[in-house]
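Asks: Pasting the sequence and the predicted model now:
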Amino acid sequence: MSSDALWQLGPETLVALAAVVVYVAGAFAAPRAAWSWVGLAGLGAAALCLASTTPQAAEPLRIDALALWLRWFALASGALLILTSWRPAADADGAELLGSLLLIIAGMMLVAAAGDLVLLFLGLELISIPTYIVLFVGRRTSEGREAAVKYFYLSILASAILLFGLSFLYGAAGTTSIEGIHQRLLDGGGSLGGFAGLALVFIFAGLSYKIAAVPFHFYAPDVYQGTTNDGAALLSVAPKAAGFLALVRLVAVAAEGVSSDAWRIALALAVLTMTTGNLLALWQDNLRRLLAYSSIAHAGYMLIGLAVYLGGNTLAGAAFDGVAALLFYLLIYALATVGTFAALNYLGETGQPVDHVDQLAGLAWSEEPRSRATAWLIAAFMFSLTGIPPLAGFWGKLALFAGALGVRGTEPAMRSWFVGLAVLGIVNAAIAAAYYLRVVGAMFFRMPMGKPRTGGSRSVPFAAAVICALLVVAIGLIPTPWYEAADRATPAAAAREAPEMIADAR
Amino acid sequence: MHGVVFPLVLFFASLVGLAVALLLLGQFCGPRRVTDVKRMPYESGMDPIHPTRRRFDVRFSLVAIAFLIFDVELLFLYPWAVVFAGGAQPELPSGAAAAGRPPLVFAGGMVFLVLLVLGFVYDWRKGVFRWR
């Protein structure tokens, strides 16, 4: 790695440095709120560094618009996650949790900036390994341990499958650079080019675990239920964002056009994932388990975007690019989900988190004004996740489904596959309304069970929920700039800006 | 795609075939003359004096993890020292050649050492070296 590349990795270095400071200083003292401030300061310094660095090509890195989008996303979602897990009291393990969270953010940014298979895998592991610590230290009950062990073993298996796929990609192209693989496979990849198609299958399998797509979703409900609300918020954002970026990088960029089956895999995964997630969520009473199935279902919606991009060849005048819709949806999903967990964190007391839908009963008629406000916040997030019009979730689903309707297709019957995909997506959104509205119904139309919640002194998670809700409403009212920001980050936009380079490459 | 799948199937079939064949060969052709001495658990040539399935104190594993700090340090410092002393070798890949500038190599090694010392400090503060 050259010194240019080291300078380009300045933001990642600053976040990792903040993690080291928190880990070591946390061994000397335990005021948790102070470490949260250190973490926020580290993220702020990284944001300044990211804003002031001019992106330039440096060998193992690939700092394009997509990388910049995900790095900003990682910093912003990291700040929200720190606010969500804010605790006022001294906490023996607070420093470990916060340091691990910072390392996960650095890992997401590294995945975004990686232009090489090895660096990409390193970034994914930098997300996975601290996640084991967060899951284990976060909740030391038997359920928490079960969650940590399940996540640990299955995550290792998924990493091994992904590495197996990457090795085939390397074998087919003879290089680990993503750009190099792309060039080599466009040229036909020699006699080993066929291995790239095989690699795609393993890459889809390995990364399906990270994004919690069927049939690699089995861990999600148990792990979400077993861990804390903070841990579940982290799991629903960080591995998903990094996994989707790695999928776009590997399947849509590195192995572009290698296999005509790529869109079929993405389409089948999308259908299975959203249907399974939504149907199983209908039976859940545990809030984190419900949100775990919701997280699976939303991974399915986002896979529609990937399938649309891989299907390529859109109708003239089709307004929505698949990858842009995916990124836009990821942002909206992350805001609503982190916001929900932050609101639940505000309601719970130390050692007694809010677990069940029943515990939210009658929240909207609570005597405490902030608890009443929390009911409205959670309702806004649920409506956005359902996709009810004035909120952000509607525009996200519109972009994905309209994108699927806009695919013309290069093969016979391909268009009807995508029309069917869009119809199934809409049916799924209707199914999902049932369980999201059940949560809202419990808060607004049921009698409170037990004493009304006091909320306590956790004003910072409450503030995080308010920020998320404001953004959900803002994106709902003015979606265009947010969608355009995602649109500028797609591989298609990169090709529009430099058509002559692509022409040369071909 | 089909041109690729056939060699792969052949590869996996021969893998499984070889493993099964070796096991079966050992099963059928191996002579079995069991004596008391052969059945005895091997313990460095000593006569076993207690059951070997005992619980170990969890503190041993903490010591093993702390040992890793020094082990990994040694593992990385050898190649670092070679690159630092000899400069970039012509047969190294381009990335290593670009990194072969002495100040950068030296700084990289120092950052690595500082991080290891921080890990050591963390262990010390967390009471890993206190044999309670």
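Replies: Looks like it arrived, so ask away. Residues are numbered from 1 along each chain as shown, chains lettered A, B, ... in the order given.
Asks: lowest confidence element among the helices and strands of the chain?
Replies: Because you didn't say which chain, this covers chain A. helix A:499-505 (a mean of 45; mean pLDDT, DSSP states H and E).
Asks: wrong chain, I was asking about chain B
Replies: Sorted by mean pLDDT, DSSP H and E, the helices and strands of chain B bottom out at helix B:94-98, which shows a mean of 49.
Asks: any idea which helix or strand comes after that helix?
Replies: helix B:102-125 (DSSP states H and E).
Asks: Give me the average confidence score over that following helix.
Replies: In this model, helix B:102-125 has a mean pLDDT of 85.
Asks: who does that helix touch, helix- and strand-wise?
Replies: Taking 3 or more CB pairs under 8 Å, 6 or more residues apart in numbering or on different chains; DSSP states H and E as contact, the helices and strands that helix B:102-125 lies on are helix A:10-26, helix B:58-86. All C-beta spots, glycine's among them, are computed from the backbone N, C-alpha and C.
Asks: So for the first one, what gets flagged as buried?
Replies: Buried residues in helix A:10-26, counting neighbours by 16 or more other CB atoms under 10 Å in any protein chain shown, are found at A:10-16, A:18-26.
Asks: What of stretch A:378-389?
Replies: For stretch A:378-389, a neighbour-count test (16+ other CB under 10 Å) marks A:378-388 as buried.
Asks: What lies in contact with it?
Replies: Contact with stretch A:378-389 is made by A:294, A:298, A:332-333, A:335-337, A:339-340, A:343-344, A:360, A:363-364, A:391-394, A:396-397, A:429, A:432-433, A:436-437, A:439-440, A:443-444, A:468-469, A:472-473, A:476, as judged by CB atoms under 8 Å, 6 or more residues apart in numbering or on different chains.
Asks: 6 Å instead?
Replies: A:336, A:339-340, A:343, A:391-394, A:397, A:429, A:432-433, A:436, A:439-440, A:469, A:472 (CB atoms under 6 Å, 6 or more residues apart in numbering or on different chains).
Asks: Return a ChimeraX selection command for the buried portion of the residues you listed.
Replies: Selection of buried members from the contacts of stretch A:378-389 for ChimeraX, criterion 16+ other CB under 10 Å:
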select /A:336,339,340,343,391,392,393,394,397,429,432,433,436,439,440,469,472
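Asks: Show me the contacts of stretch A:378-389 that map onto strands.
Replies: Of these, none are assigned to strands by DSSP state E.
Asks: Any regions of chain A where pLDDT drops low?
Replies: By pLDDT under 70, the low-scoring segments of chain A are A:1-2, A:30, A:88-92, A:188-193, A:313-319, A:349-351, A:449-457, A:497-506.
Asks: Quick one: the strands in it, in order.
Replies: So, for chain A - with DSSP E - there are no strands.
Asks: Grab the nearest non-local neighbour of the closest residue to chain B within the stretch 151-300 of chain A.
Replies: As assessed by CB to the nearest CB, chain B sits closest to A:Gly194 within the stretch 151-300 of chain A, at 3.7 Å. Nearest non-adjacent residue to A:Gly194, counting by CB to CB, 6 or more residues apart in numbering or on different chains: B:Val4, 3.7 Å away.
Asks: My read is that that neighbour contacts A:Gly197, right?
Replies: No - using CB atoms under 6 Å, B:Val4 makes no contact with A:Gly197, being 7.5 Å away.
Asks: Give me the phi and psi angles of A:Gly387.
Replies: When read as degrees, to the nearest 10, the backbone of A:Gly387 gives phi 100, psi 40.
Asks: Residue numbers of the stretch 151-300 of chain A in contact with chain B?
Replies: Residues of the stretch 151-300 of chain A lying close to chain B (CB under 6 Å from any CB of the partner chain) are A:194-195, A:197.
Asks: Could you count how many residues lie near residue 123?
Replies: Picked chain A for this. 23 (other CB atoms under 10 Å in any protein chain shown).
Asks: Chain B, not that one
Replies: With other CB under 10 Å as criterion, B:Asp123 counts 16.
Asks: Please name the spatially closest residue to it (chain neighbours excluded).
Replies: Nearest non-adjacent residue to B:Asp123 (CB to CB, 6+ apart): B:Ala66, at 5.4 Å.
Asks: So what's the predicted local confidence for the one you found?
Replies: pLDDT, B:Ala66: 83.
Asks: Cross-check the contact I'm expecting between it and B:Val128.
Replies: Yes - using CB under 6 Å as the test, B:Ala66 is close enough to B:Val128 to be in contact (5.4 Å).
Asks: buried set for stretch B:125-132?
Replies: So for stretch B:125-132, nothing qualifies as buried (16+ other CB under 10 Å).
Asks: With stretch A:198-216 instead?
Replies: A:198-214, A:216.
Asks: What values do phi and psi take at the nearest residue to A:Val460 once chain neighbours are set aside?
Replies: Leaving aside its chain neighbours, A:Val460 sits nearest to A:Trp86 (3.7 Å; criterion: CB to CB, 6+ apart). With angles defined as degrees, to the nearest 10, A:Trp86 sits at phi -60, psi 130.
Asks: A:Trp86 touches A:Trp37, doesn't it?
Replies: No - between A:Trp86 and A:Trp37 there is no contact under CB under 6 Å: 9.7 Å.
Asks: A:Thr386 and chain B: what is the separation?
Replies: Using CB to the nearest CB, to the nearest Å, A:Thr386 is found at 41 Å from chain B.
Asks: repeat for A:Ile105
Replies: Counting by CB to the nearest CB - A:Ile105 and chain B are separated by 18 Å.
Asks: Hmm, A:Ala79 and that residue touching each other?
Replies: No - between A:Ile105 and A:Ala79 there is no contact under CB under 6 Å: 8.9 Å.
Asks: returning to what we had before: let me know the closest of the buried residues of helix A:10-26 to chain B.
Replies: A:Val24 (5.1 Å).
Asks: Next one: that closest one relative to B:Trp124, how far apart?
Replies: Going from A:Val24 to B:Trp124 by CB to CB, to the nearest Å gives 10 Å.
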